[in-house]
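Engineer: here you go, sequence then predicted model.
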Amino acid sequence: MILAHLKGEQADTSDYSANQITEAENCFLSYLAWAKGKDIKPNLVEQSLISEAYQFGGCLDFYGTINGELVLVDYKTGGIYDEAKIQTCAYRQLLIENEHPAPDKIIILGIPRTEDEKFQEVTFTKFDVGWKYFKNLRENYNLDKLLK
């Protein structure tokens, strides 16, 4: 629902259960509360990109400006883990490699599905650390394939 909203589209919920739709609506309302009063202008929404240099790809949730600042935003349900920081640093690299300006910061939003979950916002700027971590994981993946 959030991504459809950012694209100016209507979300298609026809394939989802009533419970899933309720949870999605809760997420969307939490997002709208967070977005209220912010000037949000998407450049890319739900955009798949690939890295030829590092042989990986990903699908970015949001890349654009919020209150005039260029940001990469990732939406998570079920909590925010350190892996999300690593993932979004890899997404930042995808933007750079695909000739988009590097974002000033990364925002990871933990969006609650139910009323007993809490909304979380993590702003992340340790791009070099996250990218180095991702490259190490990617190298380990390649080494693991060679061992098998």
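Structural biologist: Received it, and whenever you're ready, just let me know what you need. Numbers count the residues shown, from 1 in each chain.
Engineer: what comes up buried for the helix of greatest length in the chain?
Structural biologist: Secondary structure of the chain per DSSP state H: the longest helix is helix 127-147. By 16 or more other Cβ atoms under 10 Å, the buried positions in helix 127-147 come out as 127, 130, 131, 133, 134, 135. In short, each C-beta sits where N, CA and C put it, glycine included.
Engineer: in a strand, residue 43, correct?
Structural biologist: Yes - the assignment for residue 43 (DSSP: H, G, I helix; E, B strand; the rest coil) places it in a strand.
Engineer: count of residues packed around it?
Structural biologist: By other Cβ atoms under 10 Å, the residues close to residue 43 number 15.
Engineer: ok, now the one 5 residues further on?
Structural biologist: When neighbours are defined as other Cβ under 10 Å, residue 48 has 10 of them.
Engineer: okay, buried residues for the stretch of helix or strand it belongs to please.
Structural biologist: Assigned by DSSP states H and E, residue 48 belongs to strand 40-51. Neighbour counts over strand 40-51 (16+ other Cβ under 10 Å) mark 42, 44, 45, 47, 49, 51 as buried.
Engineer: save those as TSV, and put in pLDDT and distance to residue 117 too.
Structural biologist: Shown next, in TSV, are the buried residues of strand 40-51 (pLDDT from 0 to 100; distance: Cβ to Cβ, whole Å):
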residue	pLDDT	distance to residue 117
42	97	25
44	98	27
45	97	24
47	97	27
49	98	30
51	97	33
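Engineer: how about these in a markdown table, adding distance to residue 67?
Structural biologist: Shown next, in a markdown table, are these (distance: Cβ to Cβ, whole Å):
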| residue | distance to residue 67 |
| --- | --- |
| 42 | 14 |
| 44 | 18 |
| 45 | 18 |
| 47 | 21 |
| 49 | 24 |
| 51 | 29 |
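Engineer: okay, residue 37 and residue 66: tell me how far apart.
Structural biologist: If you measure residue 37 against residue 66 using Cβ to Cβ, to the nearest Å, the figure is 11 Å.
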